[in-house]
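> Structure here, sequence nowhere to be found:
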């Protein structure tokens, strides 16, 4: 498993040099650059090629991985033109990932309508978009993953579209949402003693993982079991800290998350 930092909120105002400094000090192997949030690192879909190249080179010099470019493009629009706009933007992001030496791009689904006919159509559209992007990314040796986010926190939907896309380089970013006592959709019972049923459902399609507040008592036991299962199955992908800490001592807090990750995976 490769422990990396997602720049969401915590690094919102950090330039690339600050991100590198903190990651090296706090024990991270790489960085997942969030796009579409106007973050100070400047790695956006419309960033100049010169900036993309320069950041990729600087990361390499620092001995850090570009673990992912995390696009916030979505494919739930019923209008074909809007879906195509998002697909074309992600293709640009895939090109950027290739330039930077990254092997992973994240996308979103993202929202499913209540109407059953429209919901089925959106699911089909999302799967088709993932298939097209997987085909585009395959010769570049890049994986495209849909995050289990929005309506796709329901693992049945995330698994459905990845199965339908049916490409070896299309997977799921599991967002560490355990569905324990969920109000609707697929769920584990309240106070579930194990997340094994959830893990068994998503494990064949895992290509990246986001973690959040692993220290919370109500979350900790699920994270511990999750990492035991990943270690059992020899998961070799990225585990990205998306803790979104914005307090006064990010180096200390991010180091503590590294220690917790190592304790859970030792």
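That came through fine. As the structure is a prediction and not an experimental result, all values here were calculated from the model.
> drop to CA atoms for contacts and neighbour counts, all remaining ones
OK.
> where along the stretch 151-266 of the chain do the strands fall?
170-174, 206-211, 238-241 (DSSP state E, counting those that start in this stretch).
> Partner strands of the first one, with direction?
Yep, that's strand 170-174 we're talking about. strand 143-147 (parallel), strand 206-211 (parallel) (DSSP bridges).
> returning to what we had before: now the strands of the stretch 151-266 of the chain in CSV, please, with extra columns for mean pLDDT.
CSV is the format used below for the strands of the stretch 151-266 of the chain (pLDDT from 0 to 100):
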stretch, mean pLDDT
strand 170-174, 98
strand 206-211, 98
strand 238-241, 98
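> For residue 89, which of the ones you listed is the nearest?
strand 170-174 (17.2 Å; C-alpha to C-alpha).
> starting at the chain centroid, how far to that closest one?
7 Å (C-alpha atoms, centre = their mean, to the nearest Å).
> just stretch 149-161 next, same as before
13 Å.
> mean confidence for it?
Averaging pLDDT along stretch 149-161 yields 98.
> Looks like residue 103 contacts residue 70 (just checking).
No. With contact defined as C-alpha atoms under 8 Å, residue 103 does not count as touching residue 70 (11.7 Å).
> how near is the residue lying farthest from the centre of the chain to residue 163?
Ranked by distance from the centre of the chain (C-alpha atoms, centre = their mean), the top residue is residue 117, with 28.5 Å. With distances taken as C-alpha to C-alpha, to the nearest Å, residue 117 is found 20 Å from residue 163.
> circling back to that earlier point, would you tell me which one of the strands paired with strand 170-174 is buried the most?
With neighbours taken as mean count of other C-alpha atoms under 10 Å, the strands paired with strand 170-174 reach their highest mean count in strand 143-147, at a mean of 28.
> mind listing what the closest residue to residue 26 other than its chain neighbours touches?
Distances taken as C-alpha to C-alpha, 6 or more residues apart in numbering place residue 255 nearest to residue 26, at 4.4 Å, with adjacent residues excluded. The neighbours of residue 255, taking C-alpha atoms under 8 Å, 6 or more residues apart in numbering as the test, are 25-27.
> 10 Å instead?
22-28, 261 (C-alpha atoms under 10 Å, 6 or more residues apart in numbering).
> And for residue 123?
Here residue 123 is in contact with 75-76, 109-113, 129, 157-158, 160-161, 164 (C-alpha under 10 Å, 6+ apart).
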